[in-house]
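Undergrad: Build me a structure from this.
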Amino acid sequence: MKIMKFALMQPYFFPYIGYFSLIQSVDHFMFFDDVQYTRKSWMCRNRLLNVEKQQPYYIRPKIRKPIYKALLTDVELDNSEIWKNHLLQQLNGYKKKAKFYEETLQFLSGILERDYIGLAHFNISSTIEISRYLGIKPKFDKYTDYNFYFETKPGIGDWGREVAHEIEVTEYINSPGGEDFIFPDEFNSLGIKLGFIQPHLTKYWQGNSGFIPGLSILDVLIFNGRERTAEMVSDYDIKWLN
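TA: Numbering: from 1, shown residues only. Below is the predicted model:
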């Protein structure tokens with residue numbers, strides 16, 4: 001059987017660089033869009049840098065208030081120009097100190113100028129566009145593209161294994177935070193190798209002597225540009241557990 005690396009992750013709003021390292025590490029990346037929407041999560045916000053104060057601040061899309069316990073796929077995005085223009089204005093603080101400000105602003109403007117069906121659509125589309133901008137081109141799709149059926153609803157940490165088994169992959173790679181509840185023995189029984197991405201979060205100049213890791217990929221692009229960011233995305237290890 002041909003080795004195929006696979007990852008399943010919720011779609012986030014302009015995620016941090018480690019998310020893109022995970023995408024680069026696999027042949028098939030699936031967005032897990034059939035999940036409950038969570039306020040104050042990476043689904044609907046991320047962080048950029050106040051360069052002068054060396055403090056992070058949040059960026060957010062404008063959404064229409066969802067119903068209680070709404071699925072992410074049901075969360076509507078406000079496609080007005082107001083929040084999109086506000087997001088572009090929030091980047092103004094980078095203008096004097098970040099070499100790739102104009103380049104990144106132009107790229108981001110292209111993403112924002114289009115209309116999107118909802119928050120999930122925006123997160124997925126923008127992440128794919130950034131990935132391709134960086135030369136990362138696995139197979140992309142989303143959970144709701146399939147008609148998966150499980151007799152028993154998978155528990156926390158089981159979704160990736162069940163989906164990986166259904167589509168017959170040989171290696172499953174997860175984000176670093178899952179080692180406490182995703183267990184290699186259960187993957188072994190299905191003949192699937194389990195690994196966890198270990199992004200190095202390479203330090204880079206942020207307009208001052210300090211460094212705040214884990215900000216949105218936009219921060220990385222603004223300070224480093226397309227080519228260097230692509231190199232930094234590639235700076236990771238995979239911790240195999242079986």
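Undergrad: going forward, measure contacts and count neighbours with C-alpha atoms only.
TA: OK.
Undergrad: pLDDT on the lengthiest helix in the chain, on average?
TA: For the chain, the helix with the greatest residue count under DSSP state H is helix 217-233. Across helix 217-233, the average pLDDT comes to 98.
Undergrad: Which elements pack onto that helix?
TA: Under the contact criterion of 3 or more C-alpha pairs under 8 Å, 6 or more residues apart in numbering; DSSP states H and E, the helices and strands touching helix 217-233 comprise helix 17-24, strand 46-50, helix 101-112.
Undergrad: Let's see that with 10 Å instead.
TA: Packed against helix 217-233 by the contact rule (3 or more C-alpha pairs under 10 Å, 6 or more residues apart in numbering; DSSP states H and E) you find helix 17-24, strand 46-50, helix 101-112, helix 119-133.
Undergrad: Can you mark which positions in it are buried?
TA: Applying a neighbour-count criterion of 16 or more other C-alpha atoms under 10 Å, one finds 217-226, 229-230, 232-233 buried in helix 217-233.
Undergrad: could those go into JSON lines alongside distance to L87?
TA: Below are the buried residues of helix 217-233 laid out as JSON lines (distance: C-alpha to C-alpha, whole Å):
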{"residue": "I217", "distance to L87": "14"}
{"residue": "L218", "distance to L87": "11"}
{"residue": "D219", "distance to L87": "13"}
{"residue": "V220", "distance to L87": "16"}
{"residue": "L221", "distance to L87": "15"}
{"residue": "I222", "distance to L87": "14"}
{"residue": "F223", "distance to L87": "17"}
{"residue": "N224", "distance to L87": "20"}
{"residue": "G225", "distance to L87": "19"}
{"residue": "R226", "distance to L87": "20"}
{"residue": "T229", "distance to L87": "21"}
{"residue": "A230", "distance to L87": "23"}
{"residue": "M232", "distance to L87": "25"}
{"residue": "V233", "distance to L87": "24"}
